[in-house]
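Engineer: Here's my sequence, what's the structure:
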Amino acid sequence: MNKFKYSRIGTSSLNYNSPFPVTIIEKMIGYLQIERKGSVVDIGAGKGYFTEKIVTAKGIQGVVVEVDNYLTKKIDNNKITVVNEDAVKYLRVLDSHTFSCSICFGSTHIFGGFYNTISELNRITKENGFLIVSELTWKDTPTSDFLKHLGISLDVYNSDIENKRICSELNFDIVYSENVEKQDWDVFEETFSKIFCNTVMTTEKTKI
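Structural biologist: Numbering: from 1, shown residues only. The predicted model follows:
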């Protein structure tokens, strides 16, 4: 079975795999001060939605790094280079301070967590450049039963305060920070589940 099967189904009708509404994405892009000769890289980029938006808004070059070539097959922009390979392997051979902006939206697991992610993105980002990192955080400390049910440990995610402390420790200036509202999470999860259920049901009927 293709290991990307379920993520492909769940995101098939979504522009991007995140509960953040478009208004916040646009606001985030508005804070980016990048010259025309600049460039952006998006790690674990999915369909490349964020890169497309930034490249169009800022008139710069972009690189989409996404291991699943099914998700990137519709990207058709001569300013965007698509890299369908393991992100860690790709970044390993990059020179330091390559990009004006580096993005990792909901894919920090690639590097083993938030700290490792911003450390590596910082290495490949130019001085006075921008990092955009989206990460799940604990709103409240989960119970041991909850963690056991999910099969994860408490330290798999930090709190929002802890992530900001890490940024400060690494001498980052936080230009913009936003938390997803509960209603946006609800809309995202409902949309995701409907897409998944409808696709699976259609597939099962086809088999019959």
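
Engineer: So, low pLDDT: which residues of this structure?
Structural biologist: Scanning the chain for pLDDT under 70 picks out 1-13, 192-208.

Engineer: Map the structural domains onto the sequence of it.
Structural biologist: Structural domains annotated on the chain: 19-177, 181-208, as defined by automatic domain parsing.

Engineer: Distance-wise, check the spatially closest residue to residue 110 that is not a sequence neighbour relative to residue 131.
Structural biologist: Distances taken as C-beta to C-beta, 6 or more residues apart in numbering place residue 87 nearest to residue 110, at 5.1 Å, with adjacent residues excluded. Heads up, the C-betas are built off the backbone N, CA and C, glycines and all. Distance of residue 87 to residue 131, given as C-beta to C-beta, to the nearest Å: 15 Å.

Engineer: between those two, who's got more neighbours?
Structural biologist: More crowded of residue 87 and residue 131, by other C-beta atoms under 10 Å: residue 87, with 21 against 18.

Engineer: Identify the residues contacting the residue nearest to the spatial centre of the chain.
Structural biologist: Geometric centre of the chain, nearest residue: residue 105, 1.6 Å, by C-alpha atoms, centre = their mean. Counting by C-beta atoms under 8 Å, 6 or more residues apart in numbering, residue 105 makes contact with 16, 18, 42, 44-45, 50, 132-134.

Engineer: Give the phi and psi angles for residue 32, as a check.
Structural biologist: The phi/psi pair for residue 32 (degrees, to the nearest 10) reads phi -80, psi 120.

Engineer: three-state assignment of the closest residue to it other than its chain neighbours?
Structural biologist: Counting by C-beta to C-beta, 6+ apart, the nearest residue to residue 32 once its immediate chain neighbours are dropped is residue 130, at 5.5 Å. Following DSSP: H, G, I helix; E, B strand; the rest coil, residue 130 is assigned to strand.
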